[in-house]
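# Provided below are the primary sequence and the corresponding predicted coordinates.
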Amino acid sequence: MLFHSPNFLVFFILLLIPYFTFRKKRLILLAIANAVFYGFSGLGILLLFVAMCLITFVIVHLMQRPGLKWTFWIAIGLNLANLIFFKYSLFILTTVQKFAGTELLVTDWAKTSIVVPIGISFYTFEFLSYLIDVRRGHSTPTRSFTKFWIFVSTFPHLIAGPIMRGDELIPQLNDLPNRKIPWADIQYGVYMFIVGLLKKVVIADTIAGVADDIFIKGTAMTGTEAWIGSTAFAFQIYYDFSAYTDMAVGLGYILGLRFMKNFDAPYLSANAQEFWNRWHMTLSRWIKDYIYIGLGGNRKGAFRTYVNLFLAMLISGLWHGALWTYVIWGAIWGALLVIHRLSLKLNRIEWIHALRSNMVYRVIAVFIFFQVTIWTWVFFRAHSMTLALDMTRKMLHPSSWLAVVQTPAFIWICGLFLLHILEMLLRKYETKIGRFWTKVPFPIRSIFYLCLLLTIIYYMKGEKYGFIYFQF
């Protein structure tokens, strides 16, 4: 059920009426709504999700008893097995079949029978983080299965995040039945939802047509088209994914819940580390806390630190999908993070440290790293390694760089980047802007709201695209 579909609007209104009328029943209403929302994907997929939720809930309490700590590994194993079976079994079988040089009958069965449950990666990550946090003593497990179910299944963030942790969401549920949701929170929630809706239907879905038309050409595309197509996809995936997050955060505010921030103008990053501190921030935090630190972090010397960084991003790439292009994408980012960490040693040289602190240097660094980021998205979007490598070769040719500047597409690319900066400023000063906006005469505000509504309706008439991260 897409947030920008009529079905969801009806679903959400039907929830809100009893949600605000019967405050004491909010947890039950939310638990049922989550099941209904996810149940649209299929009854079998819902039952699998509930089963994994129940298994994790039971084991997280069992493993705290004397002599039963080992059950932690059963829960970890079952959750990983569930993820691997549905998301990676076909990839594994196809790879084995390729290297074995013979056809496997089970591969054909897997192609037609295995359906990847929507949001499986996200809810698996939340199960794993909950188990690990309880084992580390960082979180106290709830004894309410209803609250645990709501924690992992709350529909605004269920499918594509933000990835929440138990100690971030469950405490909010404890006083939800007694909390009066301020009107200001509801207004802000509606504002965030509309911002996300505009980003999705007006920007992301419009750019999607440009990116798709170029990528569908395959190896027939020129170097200039490769740059334009990958740049279009870079903005498409940002506005698509951040739109989902904005809508999720907005829905959370309306329901009296707070979800974590997930984006902070990532294309204004000057290096790989900064990018991952700004892009999909809850995933970056998860990778750091449970993979990078789990592997040893920076506690075992410089070489192991570099290896751990690389492996963490390699696993991140594989998490995104069972394709070699995703693995290479993760490896590229792992290499970029290692290179950046090595380059930090140069800061010991006084003039280099002073240079890097200069605003002009930062502007140049942001520009250059944005081009690097665009190139990395080639491996994320290309349907095969052959296409990704072909696009890379063509993009490296100097003639393709100059040709991009001379195309009409260069104007809207600059416009999208300026819009990215504008969004960053809007987020930074939204409180001041909000106070100013309330002083604008009501008739002018009404005309503006009407224009927004008509714009959304106009763009929603066109082709509807699902959220990109729903596939993960």
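Everything's here; your move. Residues are numbered from 1 along each chain as shown.

# What is the neighbour count of residue 39?
Per other C-beta atoms under 10 Å, the neighbour tally for residue 39 reads 15. Placement of C-beta: from N, CA and C, glycine included.

# Residue 46 is in contact with that one, correct?
Yes: between residue 39 and residue 46 there is a contact at 4.5 Å, judged by C-beta atoms under 8 Å.

# If you rank every helix and strand of the protein by mean pLDDT, what lands last?
helix 105-113 (a mean of 61; mean pLDDT, DSSP states H and E).

# Around residue 431, count how many other residues there are.
8.

# Packing partners of the helix or strand hosting residue 237?
Per DSSP states H and E, residue 237 falls inside helix 223-255. Contact here means 3 or more C-beta pairs under 8 Å, 6 or more residues apart in numbering; DSSP states H and E; on that basis helix 223-255 packs against helix 6-21, helix 155-158, helix 183-198, helix 205-215, helix 359-381, helix 385-395, helix 398-406, helix 409-428.

# Run the angle between the fourth one and helix 385-395 for me.
Helix 205-215 runs at 90 degrees relative to helix 385-395, counting by axes from the mean of the first three to the mean of the last three C-alpha atoms, to 10 degrees.

# okay, and for the stretch 101-250 of the chain, where does confidence drop off?
101-113 (pLDDT under 70).

# thinking again about what came up before, contacts for the next helix-or-strand element following the least confident helix or strand of the chain?
Moving toward the C-terminus from helix 105-113, the next helix or strand (DSSP H and E) is helix 120-136. Outside helix 120-136, the residues within contact range by C-beta atoms under 8 Å, 6 or more residues apart in numbering are 49, 52-53, 56, 59-60, 63-64, 69, 72, 75-76, 79-80, 82-83, 86-87, 139-141, 151-153, 157-161, 163-167, 283, 286, 289-290, 319, 472.

# Could you rerun that using 7 Å?
49, 52, 56, 60, 63, 72, 75-76, 79, 82-83, 86-87, 139, 141, 152, 158-161, 163-167, 286, 290, 319, 472 (C-beta atoms under 7 Å, 6 or more residues apart in numbering).

# Narrow those to those in helices?
49, 52, 56, 60, 72, 75-76, 79, 82-83, 86-87, 152, 158, 166-167, 286, 319 (DSSP state H).

# Mind checking which of these are buried?
49, 52, 56, 60, 72, 75-76, 79, 82-83, 86-87, 152, 158, 166, 286, 319 (16 or more other C-beta atoms under 10 Å).

# list the contacts for residue 163?
Contacts of residue 163 (C-beta under 7 Å, 6+ apart): 122, 125, 126, 282, 283, 286.

# Could you single out the nearest of the residues you listed to residue 22?
Nearest to residue 22 among the contacts of residue 163: residue 126, at 27.6 Å, using C-beta to C-beta.

# Report the separation between that closest one and residue 119.
10 Å (C-beta to C-beta, to the nearest Å).

# what do you get for residue 137?
On the measure of C-beta to C-beta, residue 137 and residue 119 end up 29 Å apart.

# Have a look at those two and say which one is more surrounded.
residue 119 (25 against 7).

# Find the nearest non-adjacent residue to the more buried one, please.
Spatial nearest neighbour of residue 119, excluding adjacent residues (C-beta to C-beta, 6 or more residues apart in numbering): residue 159 at 4.2 Å.

# what do you get for residue 59?
residue 75 (4.0 Å).

# Let me see the contact set for the one you found.
By C-beta under 7 Å, 6+ apart, the neighbours of residue 75 are 55, 56, 59, 60, 131.

# got these as CSV, with distance to residue 392 columns?
Formatted as CSV, those follow (distance: C-beta to C-beta, whole Å):
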residue, distance to residue 392
55, 44
56, 41
59, 45
60, 45
131, 40
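
# ok, of the residues you listed, which one's closest to residue 257?
After measuring those against residue 257 - C-beta to C-beta - the closest member comes out as residue 56, at 20.9 Å.

# The closest one and residue 239: what is the separation?
34 Å.

# contacts for the helix or strand where residue 29 lies?
Element membership for residue 29, per DSSP H and E: helix 26-39. Outside helix 26-39, the residues that touch it by C-beta under 7 Å, 6+ apart are 1, 11, 15, 18-19, 46, 49, 146-147, 149-150, 153-155, 158, 173, 176-177.

# What subset of those is buried?
So, by 16+ other C-beta under 10 Å, the buried ones in these are 1, 11, 15, 19, 46, 49, 147, 149-150, 153-155, 158, 173, 176.

# need the contact list for the residue nearest in space to the middle of the chain.
Nearest to the mean C-alpha position of the chain, counting by C-alpha atoms, centre = their mean, stands residue 280 at 5.0 Å. Residue 280 is in contact with residue 262, counting by C-beta under 7 Å, 6+ apart.

# For residue 286, see how far away it is.
Look at residue 280 and residue 286: by C-beta to C-beta, they are 9 Å apart.

# do residue 459 as well
Taking C-beta to C-beta, one finds residue 459 at 33 Å from residue 286.

# Next: residue 215.
29 Å.

# Over to residue 191?
28 Å.

# Check residue 278 too.
Residue 278 is 15 Å from residue 286, by C-beta to C-beta.

# next one: residue 393
Distance from residue 393 to residue 286, by C-beta to C-beta: 34 Å.

# With residue 91 instead?
22 Å.

# Next: residue 209.
Where residue 286 is concerned, residue 209 sits at a distance of 32 Å (C-beta to C-beta).

# Residue 47 now?
26 Å.

# same check, this time on residue 468
Distance from residue 468 to residue 286, by C-beta to C-beta: 19 Å.

# Who are the contact partners of the nearest residue to residue 332 once chain neighbours are set aside?
Excluding the flanking residues, the one nearest residue 332 by C-beta to C-beta, 6+ apart is residue 376, at 5.4 Å. If you count contacts by C-beta under 7 Å, 6+ apart, residue 376 has them with 329, 332, 333.

# next one: residue 328
379, 385.

# Could you measure from it over to residue 375?
12 Å.

# and if you look at residue 306?
22 Å.

# before we move on, what about residue 398?
Relative to residue 375, and taking C-beta to C-beta, residue 398 is found at 15 Å.
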